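Participant: build me a model from this:
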Amino acid sequence: MALHGLSKALVEPLFNCKGASLSPDVLEEYLCVLARLNEENMEKVDHQAGHFVSSKSVEYVFATCHHLDLPVETKYIAVELFDRFMRAHVSSLLHHVHRSCKPDRDRNWEAVEERLKSQLPLRILSCVQLGSKLCSHYKALTPGRVKDFLSSEGHLYSNNAILQSEIRVLNTLSFSVQVTSPLVYIETLLETLGHNSPVIDVKRLYTVSVKVLDVYYLLRKEVYSELLRRSKALQSKRPLVLSSARVTSVKQQADYMWLAASAIGAASFFINQGTSDQVVDQLSQIAGIVSDELVEFAAVLVGLIIS
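Facilitator: The predicted structure follows:
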């Protein structure tokens, strides 16, 4: 599927809406909750996390969600669910082959691999379907819509096969599908930023930040490689900036707070370089992240987008 038209207008949250926004105390408390969840996520992360977040799989998920006109958060949740499912699914299949097919282990695994490849579009759509249900009740994908979409792509499945695939994903993930995406962090940071500095155009920042976040997902490996290069270069000068553990969190898709703040920082650079430093300084205080680390990550994102 070609990746096109991804600039379709997205529905922005109502930032700092008078009479309908969170009070400063509640907003601060929610930010603390997200920070705690972020820390817990970094502590318990699987070191194989992100293994199936390739540019091709992300591009397919993004283009699918765009074509089906799903809420913007759906694509980030679907990518996370697909990565988690595939890691558990492949591990289970590999364990099964090793236990039951010793004489022809290699040949049997090759057959399993071929079946995995043929099922990828269906598995991805199952993850998109679950993501749509977690994001919106009225735009949730039905088996019929999934069937029609797969058929348009040349993949013929029955409604029952689509239902069984969704159940397979749920069972493999032990029905643990509640995912917090980096978009939630972006929205919360921007709500706080807009409350602290009403002159900042957070709606415009939001639109550009989402585009930056898309680039991060599409070029995640390149982002990690460049951050790793910068980390090594800084060790002799500023060893406390970009530690190896911090950089590894990008590879494992664990530190959503750093990612969200850096995406906003990069967006502020594109919108107005003159006020970008001010935005980054405030984000540093709000997110509790050293400003130098925000600048480094944002600079990597800006550099990849420009290049």
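
Participant: what about Arg220, how many neighbours?
Facilitator: With neighbours defined by other CB atoms under 10 Å, the count for Arg220 comes to 19. Any C-beta I mention is one placed from the backbone N, CA and C, and that applies to glycine too.

Participant: report the contact partners of Asn41.
Facilitator: Going by CB atoms under 8 Å, 6 or more residues apart in numbering, Asn41 touches Thr180, Ala254, Asp255, Tyr256.

Participant: and for Ile77?
Facilitator: Leu130, Gly131, Leu134, Cys135, Val179, Ser181.

Participant: most neighbours among the contacts of Asn41, please name it.
Facilitator: Comparing the contacts of Asn41 by number of neighbours (other CB under 10 Å), Asp255 comes first, having 25 neighbours.

Participant: so what's that residue closest to, chain neighbours aside?
Facilitator: The shortest distance from Asp255 to any non-neighbouring residue, by CB to CB, 6 or more residues apart in numbering, is to Ser249 (3.8 Å).

Participant: now swap in Leu27 and tell me
Facilitator: Using CB to CB, 6+ apart, the closest residue to Leu27 is Thr192 (5.9 Å).

Participant: can you list the buried residues in the strand or helix carrying that neighbour?
Facilitator: Using DSSP states H and E, Thr192 falls within helix 182-196. The neighbour-count check on helix 182-196 (16 or more other CB atoms under 10 Å) flags 182-195 as buried.

Participant: Lys139 reaches Ser132, doesn't it?
Facilitator: Yes: the criterion here is CB atoms under 8 Å, and Lys139 meets it with Ser132 at 6.1 Å.

Participant: more neighbours, those two?
Facilitator: The neighbour comparison of Lys139 against Ser132 (other CB under 10 Å) goes to Ser132, with 25 against 13.

Participant: how about the more buried one, secondary structure?
Facilitator: helix (DSSP: H, G, I helix; E, B strand; the rest coil).

Participant: residues touching it, list them.
Facilitator: Taking CB under 8 Å, 6+ apart, we find Ser132 in contact with Leu68, Leu70, Pro71, Thr74, Lys139, Ala140, Leu141.
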